[in-house]
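Novice: got a predicted structure here, sequence first:
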Amino acid sequence: MNVYSRIFVTAKKHGMSIKELARKAQIGENSIYRWKTIKPSTQSLTKVARQLHVSTDYLLGQEESSNKKDCLDIADKNAQLLYEGQHVPEKYVNMLRFIMEEDRAEKTKTSKN
């Protein structure tokens, strides 16, 4: 599978068209289509990989798994959580933070007793 094919398949899994992906990655609208025949720039490929939550190695075919296992700290106010490729609304992120803080407080209280 070539770079374009991997991008196409991965974008489809995220419910995105190639044009939508290019827009979100802030690259030229037809850039990705040209990758059928030419090699992408490292900078553009990195932007696309970030949008698809995969490594550039995966898109280049140097790694078979598209599962990028990054750690994300939900306490980080700048972190954007995803669920099945869709952004989690801020109200739910805040609920998760609240639950985690309550859990930590409960554990701290229990360990002091």
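Specialist: Structure's in. What do you need?
Novice: can you tell me the closest non-neighbouring residue to residue 36?
Specialist: For residue 36, ignoring the flanking residues on the chain, the nearest one in space by CB to CB, 6 or more residues apart in numbering is residue 4 at 4.5 Å. C-betas here are computed from N, CA, C, even on glycine.
Novice: can you pull the contacts of that neighbour?
Specialist: Remark: with contacts taken as CB atoms under 8 Å, 6 or more residues apart in numbering, residue 4 is in contact with 32, 33, 35, 36.
Novice: most widely separated two among these?
Specialist: 32 and 36 (8.7 Å; CB to CB).
Novice: helices along this protein, start to end?
Specialist: Chain-ordered helices for the chain, with DSSP state H as the definition, fall at 3-13, 18-24, 31-34, 42-52, 56-59, 90-112.
Novice: ramachandran angles for the residue nearest the centre of the chain?
Specialist: Using CA atoms, centre = their mean, the residue of the chain that lies closest to the mean C-alpha position is residue 53, 2.8 Å off. According to degrees, to the nearest 10, the main-chain angles of residue 53 amount to phi 60, psi 40.
Novice: and the pLDDT for it?
Specialist: On pLDDT, residue 53 comes in at 88.
Novice: and what of residue 59?
Specialist: Note for residue 59: predicted pLDDT of 93.
Novice: from residue 82, how far off is residue 89?
Specialist: Between residue 89 and residue 82 the computed distance is 11 Å (CB to CB, to the nearest Å).
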